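Student: take this sequence and fold it.
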Amino acid sequence: MQYIQPISPISSCVKPAGNLKKNIKCILFDIYGTLFVSSSGDISISRKKSVKQLQVKNLLEKYKIYSDPNQISSELFYQIEKKHEELRKNGVDFAEVEIDKIWQNVCKDLGADTAKYFAAEYEMIVNPVYPMPFLNQVIDECKSLNLLMGIISNAQFYTKYLFEWFLDRDLQELGFETELIFFSYKLGYAKPSVYLFNLAANKIKDMGIDKNSVLYVGNDMLNDIYPAKKVGFSTALFAGDKRSLRLRNKDVRCKEMKPDIVITDLNQLIYHIKT
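Tutor: Next up is the predicted model:
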């Protein structure tokens, strides 16, 4: 894709720590900021003024959308918040949207298919991503160790294509279990809601695996470690990129909480699982 540019992680200056006390049979991953370097640190579109106004302007012209990039951005956030409020009124604690449908509300002339293409291109402009070092090798090693692999991630429809674009294999070819892939946009709930983790815990139980044998890997103490611990998973905080590391020291839910291990590159996972 024309928007793909290499991005390297930035050292967080955090030291690896901890040990796994359980025999791990299943490993679940976050994506943005964990498996993929994200220029914004996660999937959330920044409210700050984009430094890529020209690229956004060119994208709008490509799709014959005759609006100012700043106006488009403001309308996008308005429509997202409007949908969030609607979902919250229906009892969703942390709401998620389907971004292609939001774009159809923002740009009324976009058809369903066109909105998907536009949304994917817009995301690649405002939030470029790139695989974390050792991603391919670590996934292959987990597969060779016969670990069940899954995903719990704040994500959109285009998220799964990152693996095809960068690793030339889809999630199933890489060894991820289809029934253990929980994307927020499909379920209407976003992390840190425990909803996604409860779904995963129930599915894993149905597979005959004890929740204590599950390791969840993420970069955010609130969005990842907190809900994973709530359902009884072992936890690994990925601290390999300063942009995405979220320690949440001031959040009361995280103050006294510690992950089982802290890792600063994905390769360290294999060491912990094997020892």
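Student: the residue of the chain positioned farthest from its centre in helix, strand or coil?
Tutor: What lies farthest from the middle of the chain is Tyr66; by Cα atoms, centre = their mean that is 31.4 Å. Here Tyr66 is recorded as coil under DSSP: H, G, I helix; E, B strand; the rest coil.
Student: and the contacts of the longest strand belonging to the chain?
Tutor: Taking DSSP state E as the criterion, the chain has its longest strand at strand 176-183. Defining contact as Cβ atoms under 8 Å, 6 or more residues apart in numbering, one finds that strand 176-183 is touched by 26, 28, 148-153, 155-156, 159-160, 171-172, 196, 199-200, 203-204, 207. For the C-beta atoms, the positions are set from N, CA and C on the backbone; glycine is no exception.
Student: if you set the cut-off to 10 Å instead, what comes out?
Tutor: Contact partners of strand 176-183, identified using Cβ atoms under 10 Å, 6 or more residues apart in numbering, comprise 26-29, 31, 96, 139, 142-143, 147-157, 159-160, 163, 170-172, 189, 191, 195-200, 203-204, 206-207, 214.
Student: per-residue pLDDT, the residue farthest from the centre of the chain?
Tutor: Listed pLDDT for Tyr66 reads 91.
Student: confirm Leu237 sits in a helix?
Tutor: No: under three-state DSSP, Leu237 falls outside any helix and is assigned strand.
Student: just give me the neighbour total for it.
Tutor: 27 (other Cβ atoms under 10 Å).
Student: was I right about it contacting Arg246?
Tutor: Yes: here Leu237 reaches Arg246: they are 9.3 Å apart, a contact under Cβ atoms under 10 Å.
Student: common neighbours of these two, please.
Tutor: Residues touching both Leu237 and Arg246 (Cβ under 10 Å, 6+ apart) are Gly218, Asn219, Asp220, Met221, Asp224, Ile225.
Student: pLDDT weak spots in this structure?
Tutor: 1, 44-51 (pLDDT under 70).
Student: which residue ranges make up each domain of it?
Tutor: Annotated domains of the chain cover 17-42+129-274, 53-126 [automatic domain parsing].
Student: check those domains for me and report the most buried one.
Tutor: domain 17-42+129-274 (a mean of 19; mean count of other Cβ atoms under 10 Å).
Student: so which of the domains of the chain comes closest to Ile7?
Tutor: For these, proximity to Ile7 was assessed by Cβ to Cβ; domain 17-42+129-274 is nearest, at 4.0 Å.
Student: ends of the closest one, how far apart?
Tutor: Taking Cα to Cα, to the nearest Å, domain 17-42+129-274 runs 16 Å from one end to the other.
Student: now do stretch 248-258
Tutor: 11 Å.
Student: who's in contact with that stretch?
Tutor: Residues contacting stretch 248-258 (Cβ under 10 Å, 6+ apart): 17-18, 192, 220-223, 225-227, 229-230, 235, 237, 246-247.
Student: much appreciated, bye for now.
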